[in-house]
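Enquirer: Here is a sequence together with a model predicted from it:
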Amino acid sequence: MSERHRIMVVEDDQSLAELLVEELQAEGYLAESFASAEDALSAMDEIEPDVVVSDLQLPGADGLALLEQVQGRHAPPAVLMISAFGTVDRAVAALKAGADNFLTKPLDMDHFVLSVERLMANRRLQHQVERYRSSLTEESFHGLEGSSRPMRVLFDRVRQIGRADGPVLVTGESGTGKDLVARAIHAESARAERPFLAVNCAGVPADLLESEFFGHAAGAFSGADKERPGLFREAEGGTLFLDEIGEMPVALQAKLLRALQDGQIRPVGADREHSVDVRLVAATNIDLAEKVSSGDFREDLYYRLEAFQLEVPPLRERGEDLDLLAMSFLGRFAAARSRPARRLSAKAQAVMRAYPWPGNVRELKNAMERAVTFCEDEEIRPAHLPERIARQRPQTEGALSAGGAESIPAELLEGDLLPSLDELRRSYVSYVLKRVDGNKRRASALLGVGRRTLYRWLEDEERDD
């Protein structure tokens, strides 16, 4: 597991305490046992456990007294109560006092570990929700969310450029949020109270672009039965955002350049010009310098735009922002559908981190919408994600080779008859154990199973032999 969660076991039965600690450590947790509530409380500040597993019957202060002390902490851990005297009344009392779950002895180890895993999952969800809520104020910038260094640099540059008044060129891959950057520039400028208008240059027919931008006089062409001011005049005093500016016809680029340089536009069919005061923000996901070289984009317009240029980082370079954005989208879609909040399972997070996200934030948003739609329980798993994401193979710490997980070794498939799945599993377990010199802890980690599962497989094989 990627995080080493800390678990405190409070149990005066030494043999049971050792068993519980061994089971938890086999699952990758950092577990430590204490024989009394007093000993546990004295070590609480140093250990800072994520979960406390406590017996109700303890020497001195009992489990309910310990629970009361734990609940009074600033960031209380989850609490799992266990008792050999499990009655409904005692279970209700423990749960009312704040316990997260209650188990009775003798403990079923599989059920015990599963209960701990669920408490950890709930704790992860709480942390994700808290982080999402804090992001709304601390990590949100005019609709842009992120705390990674590339985004902090971007936010600083938006603030600086916002104070200027020249045209801006926003570049970056498709789906990175260039439109949000344009709106942030407008919000940080002295024009923030004036209009912000946006148009996609690739979404308007070429023969209508000039009229869309500069307007037209009545009767200028067939169907122009009345005068239209155009986007430049409608955005007077504010900001005009031109998305996919690389798709603008070269003939229109000359008129756009004149509007930027002289502040003058002439509507189609009009006999006089109009003065306009508009700041232009343009965006593109293509290399305009290459279009200049090929003659498809005016060099003078390019240099006029690139004086203030902002590069929006792709999602794959934003590190921890992936989890933040995913949780943000999950929260929004769940709320929109009046459904409970969803959390990401550890495996879902792993495959998402391994995926390169060519569609960037837009692709992540769509993936989270799909996940909320198909997830019927509390946890988003890889199966709820688009197949292209779910089939990613995350890097595993301590993998068998530097390149990550290997394909099935050829020696396991020798012979004319293909092995059954059970035979293949046995052969592969044996193969992994040989590669790690019999280290069962490392083998279980590489196989992606708990040590108890590995032991059970090996015991089954011994019985069959």
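Expert: Received, thanks.
Enquirer: Show me where this protein dips below the pLDDT cut-off.
Expert: 1-4, 85-88, 124-139, 219, 394-419, 441, 450-452, 461-465 (pLDDT under 70).
Enquirer: who touches the residue of it most remote from its centre in this structure?
Expert: Distance from the C-alpha centroid of the chain, by C-alpha atoms, centre = their mean, peaks at Asp271 (54.5 Å). Counting by C-beta atoms under 8 Å, 6 or more residues apart in numbering, Asp271 touches Ala217. Every C-beta, even on glycine, is put in place using the N, C-alpha and C of the backbone.
Enquirer: count of neighbours near Tyr303?
Expert: Close neighbours of Tyr303, defined as other C-beta atoms under 10 Å, add up to 10.
Enquirer: Run the chain-centre distance for whichever strand or helix holds it.
Expert: Tyr303 belongs to helix 299-305 when assigned by DSSP states H and E. From the chain centre to the centre of helix 299-305 is a distance of 37 Å (C-alpha atoms, centre = their mean, to the nearest Å).
Enquirer: Let me know the next secondary structure element after that helix.
Expert: strand 309-311.
Enquirer: Which residues belonging to the helix or strand following that next one are considered buried?
Expert: Per DSSP H and E, strand 309-311 leads on to helix 321-336 as the next helix or strand towards the C-terminus. Residues 321-331, 333-334 are the ones in helix 321-336 that count as buried (16 or more other C-beta atoms under 10 Å).
Enquirer: and the residue nearest the centre of the chain, how far is that from Asp55?
Expert: Geometric centre of the chain, nearest residue: Asp323, 2.6 Å, by C-alpha atoms, centre = their mean. Relative to Asp55, Asp323 is positioned 36 Å away (C-beta to C-beta, to the nearest Å).
Enquirer: Which residues are in contact with the spatially closest residue to Leu119 that is not a sequence neighbour?
Expert: Excluding the flanking residues, the one nearest Leu119 by C-beta to C-beta, 6 or more residues apart in numbering is Ala78, at 4.2 Å. By C-beta under 8 Å, 6+ apart, Ala78 lies in contact with 50-52, 100, 119-120, 122-123.
Enquirer: on that earlier part again, how close does the residue nearest to the centre of the chain sit to Ser147?
Expert: From Asp323 to Ser147 the distance is 10 Å (C-beta to C-beta).
Enquirer: do Gly98 as well
Expert: 32 Å.
Enquirer: if you count what's nearby, which of those two comes out ahead?
Expert: Neighbour count, other C-beta under 10 Å: between Gly98 and Ser147, Ser147 has more, with 18 against 15.
Enquirer: Glu320 is in contact with that one, correct?
Expert: Yes: applying C-beta atoms under 8 Å as the test, Ser147 and Glu320 come out as touching, 6.7 Å apart.
Enquirer: Can you report how many residues neighbour Tyr29?
Expert: For Tyr29, using other C-beta under 10 Å, the count is 23.
Enquirer: Could you tell me which residues make contact with it?
Expert: Counted by C-beta under 8 Å, 6+ apart, Tyr29 has contacts 4-7, 116.
Enquirer: Quick check: the gap between it and Ile161.
Expert: 48 Å.
Enquirer: picking up where we left off before, so the residue farthest from the centre of the chain sits in a helix?
Expert: No: secondary structure of Asp271 (DSSP: H, G, I helix; E, B strand; the rest coil): coil, not part of a helix.
Enquirer: domains for this protein, by residue range?
Expert: 6-123, 141-313, 316-390, 410-464 (automatic domain parsing).
Enquirer: Not counting sequence-adjacent ones, nearest residue to Leu169?
Expert: Closest to Leu169 by C-beta to C-beta, 6+ apart is Leu305, at 4.2 Å.
Enquirer: nope, Gly63 is what I was after
Expert: Gly63 sits nearest to Leu56 (C-beta to C-beta, 6+ apart), 4.0 Å away.
Enquirer: any idea how far that neighbour lies from Arg6?
Expert: 22 Å.
Enquirer: between these two, who's got more neighbours?
Expert: Shown here are Leu56 and Arg6; by other C-beta under 10 Å, Leu56 has more neighbours (22 against 17).
Enquirer: ok, that one - contacts?
Expert: Neighbours of Leu56 in contact, by C-beta under 8 Å, 6+ apart: 62-64, 81-83, 85, 90, 94.
Enquirer: okay, these in TSV with neighbour count and distance to Glu244 next?
Expert: Shown next, in TSV, are those (neighbours: other C-beta atoms under 10 Å; distance: C-beta to C-beta, whole Å):
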residue	neighbour count	distance to Glu244
Asp62	16	68
Gly63	24	64
Leu64	18	65
Met81	27	60
Ile82	25	62
Ser83	19	66
Phe85	10	70
Arg90	18	66
Ala94	24	61
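Enquirer: I'd like the buried residues of helix 321-336 laid out as TSV, including distance to Lys291.
Expert: Formatted as TSV, those follow (distance: C-beta to C-beta, whole Å):
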residue	distance to Lys291
Asp321	30
Leu322	32
Asp323	37
Leu324	35
Leu325	31
Ala326	35
Met327	38
Ser328	35
Phe329	33
Leu330	39
Gly331	40
Phe333	37
Ala334	42
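Enquirer: Against Glu299, how distant is Met248?
Expert: Taken as C-beta to C-beta, the span from Met248 to Glu299 is 14 Å.
Enquirer: If you count surrounding residues, which of those two has more?
Expert: Neighbours were counted for Met248 and for Glu299 using other C-beta under 10 Å; Met248 has more, 23 against 13.
Enquirer: Run a quick check on the more buried one versus Leu209, I expect a contact.
Expert: Yes: contact criterion C-beta under 8 Å: Met248 and Leu209 qualify, at 6.9 Å.
Enquirer: coming back round to it: may I see the contacts of Leu56 organised as a markdown table, with secondary structure added?
Expert: Compiled in a markdown table, those are given as follows (three-state DSSP):
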| residue | secondary structure |
| --- | --- |
| Asp62 | coil |
| Gly63 | helix |
| Leu64 | helix |
| Met81 | strand |
| Ile82 | strand |
| Ser83 | strand |
| Phe85 | coil |
| Arg90 | helix |
| Ala94 | helix |
